[in-house]
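1. fold the following, please.
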Amino acid sequence: MPYFDTASSAPLHPVARQALQASLDEGWADPARLYREGRRARLLLDAAREAAAEAVGCRPDELVFTSSGTRAVHTAVAGALAGRRRVGGHLVVSAVEHSSVLHAAATHEAAGGTLTEVPVDRAGSVSPGAYAAALRKDTALACLQSANHEVGTEQPVAAVASACRAAGVPLLVDAAQSLPWGPVEGDWSLLAASAHKWGGPAGVGLLAVRKGVRFAPQGPADERESGRAAGFENIPAAVAAAASLRAVRAEAAAEAGRLRELVDRIRERVPALVPDVEVVGDPTRRLPHLVTFSCLYVDGETLLHELDRAGFSVSSGSSCTSSTLTPSHVLRAMGVLSEGNVRVSLPLGTSGEEVDRFLEVLPGAVAGVRDRLGAPAAGALETTETDSSPVVDALGRRCPIPVIELAKAIRDVPVGGTVTVLSDDEAARLDIPAWCEMTGQEYVGEQSADRGAAYVVRRRS
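-> Numbering: from 1, shown residues only. Modelled structure (predicted):
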């Protein structure tokens, strides 16, 4: 059964398994002790730190192991902000950061700090100029992911880091998705990553803080890991994380080119095989193994179940796959279609035959879901002489039903006429404008309503 969701978590790498098993027998003692068992554990921990630091591109004494990538992010944000509290309480992030960064930012705001979110373009990329303009005299910290976890777009970290350096602001980089493929370029100040993203064991994160960065660790005090990660070190897991990172990095050059070709195959063939599909993310500045596309008139959760039954494990940013019933904040910030979203992230070793099989299965799975939902047939709208401006009541109905009802109703509207959709589904605010963009119709705008909102669309073709 092909597993196509390494952006969430990669399968344990064979080298990680070997290192974990071997170090369980040698790395159980307290590395702070002077007796031989402690010295042996310290040697293992130091070797793991050196290997990880080499992969990151920092000094070993700048890197600590944490209990997760999320913990590394929260520790980095809290420590950097506290260390620069005399400068001010302003934090800058991009609108598409991982939720761990946004949660840390929300905590900062709740404590009285200020926050600026830098918008992204339709490909999911920030503008270095816009990011530089967001920096202020009281900016204590800036955050920017190296590559997006949902659409694969690589961010201009080096340019943003240069702007931050010129402004005297440290830059924290979330490198969880990109670190397996190579070190992060640019003059960054702090970096966080998570081992399970590259085939290391879960429960291990990396935090690098460059020398000279003002940093005041928050939370439980501890003398271990430079005071930045309290608690007894999980030495076997740290060893396995560092060993697998080194192994994956050694394979990355050959695998990156091969996987990029497979992803290109998906990017090119999906729109040809499946009508009404939008492939999202930057087409060139992107991770080699990840592609995301959204399908009109499709319930994302149902589609994922259909693909799972066909033997393919993929992910989605659609609101109908979320317990919050809100679309992915990444897709929302990009202004692209969220319904029927599918994220494919290929593991190392994926074969062309597996990708071809996925492309064989996908059209039938999408068509089946659309048929069950009563979606309109693909193709150009027919001309009608009906003089009406219908109102579609989609209140209480979730994605993709409001868009499906809109697509049906607009067929009975003359060119130049309008359709109004009443919806209280948060995804409609994103998906109706995206539908207009994809189908060549005009999105007039959103109006207030007794419940939810009224979305007005004018037929242009």
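2. show the pLDDT at M1.
-> With respect to pLDDT, M1 scores 76.
3. so, low pLDDT: which residues of the stretch 301-450 of the chain?
-> 319-325, 378-388 (pLDDT under 70).
4. and Q177, how far from A159?
-> 19 Å (C-beta to C-beta, to the nearest Å). All C-beta atoms are positioned from the backbone trio N, CA, C, and that covers glycine.
5. between the two, which has more neighbouring residues?
-> Q177 (26 against 17; other C-beta atoms under 10 Å).
6. ranges for the strands of the chain?
-> Assigned by DSSP state E, the chain shows strands spanning 63-66, 90-94, 114-118, 139-145, 171-174, 190-194, 205-209, 277-280, 290-295, 341-345, 391-393, 418-423, 442-448, 453-458.
7. redo the ones you listed as JSON lines? Include distance to V73.
-> Shown next, in JSON lines, are these (distance: least, C-beta to C-beta, whole Å):
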{"stretch": "strand 63-66", "distance to V73": "9"}
{"stretch": "strand 90-94", "distance to V73": "11"}
{"stretch": "strand 114-118", "distance to V73": "15"}
{"stretch": "strand 139-145", "distance to V73": "8"}
{"stretch": "strand 171-174", "distance to V73": "6"}
{"stretch": "strand 190-194", "distance to V73": "5"}
{"stretch": "strand 205-209", "distance to V73": "8"}
{"stretch": "strand 277-280", "distance to V73": "24"}
{"stretch": "strand 290-295", "distance to V73": "20"}
{"stretch": "strand 341-345", "distance to V73": "20"}
{"stretch": "strand 391-393", "distance to V73": "42"}
{"stretch": "strand 418-423", "distance to V73": "35"}
{"stretch": "strand 442-448", "distance to V73": "34"}
{"stretch": "strand 453-458", "distance to V73": "34"}
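8. for these, which one sits closest to E301?
-> strand 341-345 (10.5 Å; C-beta to C-beta).
9. check what contacts the closest one and list those residues.
-> 4-8, 150-152, 263, 266, 289-295, 300, 303-304, 307, 314-318, 328, 331, 358 (C-beta atoms under 8 Å, 6 or more residues apart in numbering).
10. from those residues, list just the buried residues.
-> Neighbour counting with 16 or more other C-beta atoms under 10 Å marks 4-7, 150-152, 263, 266, 289-295, 300, 303-304, 307, 314-318, 328, 331, 358 as buried within those.
11. tell me which of the residues you listed fall in helices.
-> V263, I266, G300, L303, L304, L307, L331, F358 (DSSP state H).
12. biggest separation within these, which pair?
-> L331 and F358 (21.4 Å).
13. tell me which residues touch the nearest residue to G396 once chain neighbours are set aside, please.
-> Excluding the flanking residues, the one nearest G396 by C-beta to C-beta, 6 or more residues apart in numbering is D424, at 6.8 Å. Residues in contact with D424 (C-beta under 8 Å, 6+ apart) are L395, G396, R451, G452, A453.
14. state the distance from D424 to R451.
-> From D424 to R451 the distance is 5 Å (C-beta to C-beta).
15. which residues do those two both contact?
-> L395.
16. got phi/psi on the residue found closest to A375 once you drop the neighbours it is linked to in the chain?
-> Nearest residue to A375, sequence neighbours excluded (C-beta to C-beta, 6+ apart): Y297, at 3.4 Å. Note on Y297: its backbone torsions stand at phi 60, psi 30 [degrees, to the nearest 10].
17. spatially speaking, which residue is in the middle of this structure?
-> By C-alpha atoms, centre = their mean, the mean C-alpha position of the chain lies nearest to H149, the distance being 2.3 Å.
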